[in-house]
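*Asks:* make a model of this:
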Amino acid sequence: MKNKGKIYFILWTSWAWKWTLRKKLEKANIKDLEFIKSYVTRPMREWEINWDIYHFITKEDFEKMIKNNEFLEYELVHKKAYYGTRLKDAVQNGIDGGKKVMKEIDMEWLKNIYKNNPQLKDYITTIFLNLNQEKFAERIKARWDIMSDEEFKNREESLKKEVKEAKIYCDYIIDTSNKNPDEVFSEVLNILEK
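*Replies:* Residues are numbered from 1 along each chain as shown. This is a model prediction of the structure:
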């Protein structure tokens, strides 16, 4: 019997090397590793390429897919655009094909996936990229000088909540506070090789 695949969900706090990690994993050409692409309804930005990270579709087409129950998870972000992961493309084909499929998601999406698709739990491995509050503040202030105190406090509160929930829902927690992207990449690679 053919081996079933695995789903790897990367969760993160802000400024914890998520996109840097993804680029490194893509360049590494790891055997049987595929990145799940999101379906989105927002306008494509000038530098984006359809089917690179996102598949851009109309809101009407997205809503038809919702009615047909085609999504593993989806969300209406900022009441403007839908983002979602199509179950068959992204997950079932990967599991049935013995592949490792990977996607960056947030904690709410993960909880919804576990709630709505309990049959997938045995195939899912979750990795949370953490950041302590001191480094979090340092990285935000170094890169984003236009942030109100209120928004910063909201992000700090989100960080506390994410860390608390990661201890409940995630298989691995990698503290990126005092690590460079190469060290984080090596830790994730070790998890994939297990």
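
*Asks:* got the CA positions of the longest helix belonging to the chain in CSV?
*Replies:* Looking across the chain with DSSP state H, the single longest helix is helix 149-169. Below are the C-alpha coordinates for helix 149-169, written out as CSV (Å, rounded to 0.1, in the frame of the first residue of the first chain):
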residue,chain,number,x,y,z
ASP,A,149,0.7,53.0,20.2
GLU,A,150,-2.8,51.5,20.0
GLU,A,151,-2.0,49.3,17.0
PHE,A,152,1.2,48.2,18.6
LYS,A,153,-0.6,47.2,21.8
ASN,A,154,-3.2,45.2,19.8
ARG,A,155,-0.4,43.3,18.1
GLU,A,156,1.2,42.6,21.4
GLU,A,157,-2.1,41.2,22.7
SER,A,158,-2.4,39.1,19.6
LEU,A,159,1.1,37.7,20.2
LYS,A,160,0.3,36.7,23.8
LYS,A,161,-2.9,34.9,22.6
GLU,A,162,-1.1,33.2,19.7
VAL,A,163,1.7,31.9,22.0
LYS,A,164,-0.9,30.6,24.5
GLU,A,165,-2.9,28.8,21.8
ALA,A,166,0.3,27.4,20.1
LYS,A,167,1.0,25.4,23.3
ILE,A,168,-2.4,23.7,22.9
TYR,A,169,-2.6,23.3,19.1
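
*Asks:* elements contacting that helix?
*Replies:* helix 107-116, strand 124-130, helix 133-143 (3 or more Cβ pairs under 8 Å, 6 or more residues apart in numbering; DSSP states H and E). All C-beta atoms are positioned from the backbone trio N, CA, C, and that covers glycine.

*Asks:* what distance separates stretch 12-25 from the middle of the whole chain?
*Replies:* 9 Å (Cα atoms, centre = their mean, to the nearest Å).

*Asks:* so what touches it?
*Replies:* 10, 33, 35, 102, 104, 128-131, 135-136, 139-140, 143, 155, 158-159, 162-163, 176, 179, 181-182, 184-185, 188-189 (Cβ atoms under 8 Å, 6 or more residues apart in numbering).
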